[in-house]
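Visitor: got a structure for you, letters missing:
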């Protein structure tokens, strides 16, 4: 378990992410941020500094974008449990 999220939760999120993008409930960039940050799919989890390089954002903007992405995804998933 990395990032304080259980393996079971990550499996559930992985299964739902693509579905949420296909149904237009989730923006593809948010999906990518979550996949990269938590190592979902074939990705190795990226740390915060690595994310700032991938998305070419300042640390402050990346922090806000990451928080927004997490909040968006988990609010959508929470409604559907």
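Guide: Nice, I can see it. Remember, predicted model here, so these are calculated numbers, not experimental data. Residues are numbered from 1 along each chain as shown.
Visitor: packing partners for the longest helix seen in the chain?
Guide: For the chain, the helix that runs over the most residues, judged by DSSP state H, is helix 59-79. The contact analysis (3 or more CB pairs under 8 Å, 6 or more residues apart in numbering; DSSP states H and E) places helix 59-79 against helix 7-22, helix 28-38, helix 48-55. For the C-beta atoms, the positions are set from N, CA and C on the backbone; glycine is no exception.
Visitor: Select, out of these, the one closest to residue 63.
Guide: helix 48-55 (7.5 Å; CB to CB).
Visitor: which outside residues touch the closest one?
Guide: Contact partners of helix 48-55, identified using CB atoms under 8 Å, 6 or more residues apart in numbering, comprise 33, 36-37, 46, 58-59, 62-63, 65-66.
Visitor: now, which of those sits nearest residue 11?
Guide: When the contacts of helix 48-55 are compared for distance to residue 11 (CB to CB), residue 37 wins out at 15.9 Å.
Visitor: so how far is residue 6 from the closest one?
Guide: When distance is defined by CB to CB, to the nearest Å, residue 37 is 15 Å away from residue 6.
Visitor: What of residue 47?
Guide: As for residue 47, its distance to residue 6 is 20 Å (criterion: CB to CB).
Visitor: How about residue 38?
Guide: As for residue 38, its distance to residue 6 is 11 Å (criterion: CB to CB).
Visitor: can I get the helices and strands packed on helix 59-79 in a markdown table with distance to residue 74 and mean pLDDT?
Guide: Formatted as a markdown table, the helices and strands packed on helix 59-79 follow (distance: least, CB to CB, whole Å; pLDDT from 0 to 100):
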| stretch | distance to residue 74 | mean pLDDT |
| --- | --- | --- |
| helix 7-22 | 8 | 79 |
| helix 28-38 | 9 | 90 |
| helix 48-55 | 18 | 94 |
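Visitor: mind checking which of these is nearest residue 77?
Guide: Closest to residue 77 of the helices and strands packed on helix 59-79 is helix 7-22 (CB to CB; 6.1 Å).
Visitor: The closest one - contacts with which helices or strands?
Guide: Using 3+ CB pairs under 8 Å, 6+ apart as the contact test, the elements touching helix 7-22 are helix 28-38, helix 59-79.
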